[in-house]
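Chemist: generate coordinates for the sequence data below:
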Amino acid sequence: MQEIVVVGGGVIGCLSALNLLEAGCRVTLLERGELGREASWAGGGIVSPLYPWRYQASVSALANWSQGYYPTLSAQLLAQTGIDSEVEPCGLLWLDHAERDQALAWAQQRQQPLAEVASDFVYERVPQLASGYQSALWQADLANVRNPRLLQALRARLLQFAEFNLQEHSPATGLLRDGDRVVGVTTQAAEYRADAVVVAAGAWSGDWLAEAGLSLPVVPVKGQMLLYKREPGWLKSVVLYEGRYAIPRRDGHILIGSTLEHAGYDKRTSTQALESLRQSAEGLLPELRELSPVAQWAGLRPGSPEGVPYIGPVSELPGLWLNAGHYRNGLVLAPASCRLLADLLLQRQPELDPAPYLPAGRVCQPL
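Modeler: Just a heads-up that it's a prediction; the model follows:
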């Protein structure tokens, strides 16, 4: 039985661990704080890149696989744990989009069900939308997932495995090595020896590779969100305009996001972001002016060049693996990324071409 240590307890770390456990491995997961409370908890949960036509084909491949798998994953977790991740195929409207031609060409090339719709359709779908929008791009099958509940379900499922060892509030402090080979991880309290170590530490992944003497261009990028509460069914679809979106939850909560801030590891919320997000919320859905937000929070995305994640072995340090650098699309890409990581680590035939994501040639030895 292979012994694996996973560093990082977000959706990438949790789903990596689940794939490995289901394949018969023994897994220790080390989380510096509380499982699932960083970027995976803070995000909006749209199961699509915000502007999918802007991304490389490698990101689209992961997104398409994950979009197809999310309903199955949600149903399995509900049956196994009783926790509903609320994967809702609510559809998404890109309002008055300047990249209409590029988007439609991308959809035709990739055989995606994206269509242009007129204002009559837009206001029939979202009657409370502010007036003046002329058209939209519409994809009816796009879903959103209630990400905090997804992480609750993943936690409950992982704890059902006798071969799973969860260590929360247990930051990893370094790699154990035998020559160049990585053979485990240290914490302040213990050593965890393993056949493989998977770094899935989100925004902190670049720091991990730096500690090992390698350069990985993953940096924290802060995003702030607001939450409103209306009656269930008040907003039926996700609406997106000029980078800001409103996402409906089943119980009537409405998420408004998001900012994009380079502020290091500072996760504090700000009044400036509050006012900016309120303006976006009220500009999209004027009836929200009657309400005050019920919550504001921030999370740190794992920013990476062009949003293409690093998935696979680190050739300079045998025994060390990456599943990191998903930037704004960790939840979007997680099912496919974690299946690919498990396929490669366990030497199975991968369901996706691993070449675009392999760290080889993308992780650099610092000068």
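
Chemist: make it CA atoms for all contacts and neighbour counts henceforth
Modeler: Noted.

Chemist: backbone phi and psi for Glu99, please?
Modeler: Main-chain dihedrals, Glu99, degrees, to the nearest 10: phi -100, psi 30.

Chemist: Thr187 bridge partners, please.
Modeler: According to DSSP bridges, Ala172 are recorded as the beta-bridge partners of Thr187.

Chemist: how close does it get to Cys338?
Modeler: Thr187 sits 24 Å away from Cys338, taking CA to CA, to the nearest Å as the criterion.

Chemist: what about these two, which has more around it?
Modeler: Relative neighbour count places Cys338 above the other of Thr187 and Cys338, with 24 against 15, counting by other CA atoms under 10 Å.

Chemist: so what's that one up against?
Modeler: Applying CA atoms under 8 Å, 6 or more residues apart in numbering, one finds that Cys338 lies in contact with 12, 15-16, 19, 323.

Chemist: need these in CSV (columns: distance to Asp96 and neighbour count).
Modeler: Converted to CSV, the contacts of Cys338 look like this (distance: CA to CA, whole Å; neighbours: other CA atoms under 10 Å):
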residue, distance to Asp96, neighbour count
Ile12, 34, 28
Leu15, 36, 24
Ser16, 38, 26
Asn19, 41, 18
Asn323, 36, 30
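
Chemist: of those residues, which pair is most distant in space?
Modeler: Pairwise distances among the contacts of Cys338 were taken by CA to CA; the largest, 12.9 Å, belongs to Asn19 and Asn323.

Chemist: in this structure, which residue sits furthest out from the middle?
Modeler: The C-alpha centroid of the chain is most remote from Gly179, which lies 34.3 Å away (CA atoms, centre = their mean).

Chemist: mind checking the SS state of Ile4?
Modeler: With DSSP: H, G, I helix; E, B strand; the rest coil as the basis, Ile4 sits in strand.

Chemist: to what extent is it buried, counted in neighbours?
Modeler: Applying other CA under 10 Å, we find 26 other residues in the vicinity of Ile4.

Chemist: quick one: residues contacting it.
Modeler: With contacts defined as CA under 8 Å, 6+ apart, Ile4 is in contact with 25-28, 194-198.

Chemist: what's the answer for Thr186, then?
Modeler: Contact partners of Thr186, counting by CA under 8 Å, 6+ apart, are 172-176, 192.

Chemist: from Pro313, how far out is it?
Modeler: With distances defined as CA to CA, the gap from Thr186 to Pro313 amounts to 20 Å.

Chemist: just Leu176 next, same as before
Modeler: According to CA to CA, Leu176 and Pro313 sit 16 Å apart.

Chemist: for these two, indicate the residue with more neighbours.
Modeler: For Leu176 versus Pro313, the count of surrounding residues by other CA under 10 Å is larger for Pro313: 22 against 18.

Chemist: what's the closest non-adjacent residue to the more buried one?
Modeler: Counting by CA to CA, 6 or more residues apart in numbering, Pro313 lies nearest to Trp321, which is 4.3 Å off, once chain neighbours are set aside.

Chemist: I'd like the distance from the stretch of helix or strand the one you found belongs to to the chain centre, please.
Modeler: Under DSSP states H and E, the secondary-structure element containing Trp321 is strand 320-324. With CA atoms, centre = their mean, to the nearest Å as the basis, the distance from the averaged C-alpha position of strand 320-324 to the chain average is 15 Å.

Chemist: ok, now stretch 212-221?
Modeler: Stretch 212-221 sits 18 Å away from the centroid of its parent chain (CA atoms, centre = their mean).

Chemist: alpha carbons of it, as PDB, please.
Modeler: C-alpha atoms of stretch 212-221 as PDB (Å, rounded to 0.1, in the frame of the first residue of the first chain):
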ATOM      1  CA  ALA A 212      13.100  23.200  -1.800                       C
ATOM      2  CA  GLY A 213      15.400  25.500  -3.900                       C
ATOM      3  CA  LEU A 214      13.100  25.700  -6.900                       C
ATOM      4  CA  SER A 215      11.200  28.500  -8.500                       C
ATOM      5  CA  LEU A 216       7.400  28.100  -9.000                       C
ATOM      6  CA  PRO A 217       5.600  31.200 -10.200                       C
ATOM      7  CA  VAL A 218       2.500  30.800  -8.000                       C
ATOM      8  CA  VAL A 219       1.700  33.900  -5.900                       C
ATOM      9  CA  PRO A 220      -1.300  35.000  -3.800                       C
ATOM     10  CA  VAL A 221      -4.000  37.100  -5.500                       C
END
